[in-house]
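Enquirer: Pasted the sequence and its predicted model underneath.
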Amino acid sequence: MTPEEVIDLLTTAAAYDRRKVGEADVVAWHAAVKDLDYLDAQDAVIAHYTLTTEWLMPAHVRKGVKDIRAARLAREPVPAPPAELADRPRDYRAAFQAALAKMARGFALPRQITAKVEPSTEYLEIRGVDHDPLRVAAIRVSCPWPPCRAVPGAVCVDADGRRLTAPAHEARLKAAGVGDDEHRVSG
């Protein structure tokens, strides 16, 4: 966190407790919280004053940020590092710790089945229409149909924003190189 962000953080606290913020406060707080993410610290300040009337101290912010990061990690499983690293424990551990740190900071990690691993038959049956080969091919490109404009990885939606039951819009199927008249989908 920069000194300017510490000023913003203390300004937020001042809005709740009417503290006076001076240069010495900024220097002291920066020394205590400079390693924290500003947005997480801001959320911690708001959470603190949502739950208590106690005067805010750097320790409260540090604990709040720790709780926010722990909650993020509890919501999502950390994906395993690449299988190629399995016989290199240090690299595997480093990749795992990097993924863990990234998730704790609030960044989502991709969850995908790679080309190296084929999903089970049971998985494919449960996925049903989502694993339709046409849909799989289509979601690799953006949908050019103006009311939809789904980005790669997202399914097409109709003009009212409802998910399509068909594989994708005709224009997207064509853009993916799999479109024909048999699979025509109107907006």
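Expert: Alright, I've got the coordinates. As the structure is a computational prediction, the values presented were derived from the model and not from experiment.
Enquirer: which of the residues in stretch 31-49 are buried?
Expert: Within stretch 31-49, the residues scored as buried using 16 or more other C-beta atoms under 10 Å are Val33, Leu36, Asp37, Asp40, Ala41, Gln42, Asp43, Ala44, Val45, Ala47, His48, Tyr49. Heads up, the C-betas are built off the backbone N, CA and C, glycines and all.
Enquirer: what's the lengthiest helix in the chain in contact with?
Expert: In the chain, taking DSSP state H as the definition, the longest helix is helix 58-75. Residues outside helix 58-75 that contact it (C-beta atoms under 8 Å, 6 or more residues apart in numbering) are 9, 29, 32-33, 36-37, 40-41, 43-45, 47-48, 54, 100, 103-106.
Enquirer: Narrow the residues you listed to those in strands?
Expert: Judged by DSSP state E, the contacts of helix 58-75 include no members of strands.
Enquirer: The chain: helices as residue ranges?
Expert: Using DSSP H, the helices of the chain run over residues 3-17, 23-33, 38-51, 58-75, 89-104, 121-127, 133-138, 170-175.
Enquirer: and the ones you listed, which one's lowest on average pLDDT?
Expert: In terms of mean pLDDT, the lowest-scoring of those is helix 121-127 (a mean of 66).
Enquirer: Which two among the buried residues of stretch 31-49 are spaced furthest apart?
Expert: Asp37 and Tyr49 (18.8 Å; C-beta to C-beta).
Enquirer: Domain-wise, how is this structure divided?
Expert: 3-75, 76-110, 121-183 (automatic domain parsing).
Enquirer: Contact partners for the residue nearest to Pro81 when sequence neighbours are not counted?
Expert: Leaving aside its chain neighbours, Pro81 sits nearest to Ala95 (3.6 Å; criterion: C-beta to C-beta, 6 or more residues apart in numbering). By C-beta under 8 Å, 6+ apart, Ala95 lies in contact with Pro81, Pro82, Leu85.
Enquirer: Please determine how far Ala95 is located from Met103.
Expert: For Ala95, the distance to Met103 equals 13 Å [C-beta to C-beta, to the nearest Å].
Enquirer: How about Pro152?
Expert: Distance from Pro152 to Met103, by C-beta to C-beta: 22 Å.
Enquirer: Looking at these two, which one has more neighbours?
Expert: More neighbours surround Met103 than the other of Pro152 and Met103, with 19 against 11 (other C-beta atoms under 10 Å).
Enquirer: Identify the residues contacting the more buried one.
Expert: With the criterion set at C-beta under 8 Å, 6+ apart, Met103 makes contact with Arg72, Leu73, Glu76, Val78, Leu109.
Enquirer: Kindly recompute the last result at 10 Å.
Expert: Applying C-beta atoms under 10 Å, 6 or more residues apart in numbering, we find Met103 in contact with Arg69, Arg72, Leu73, Arg75, Glu76, Pro77, Val78, Pro79, Leu109.
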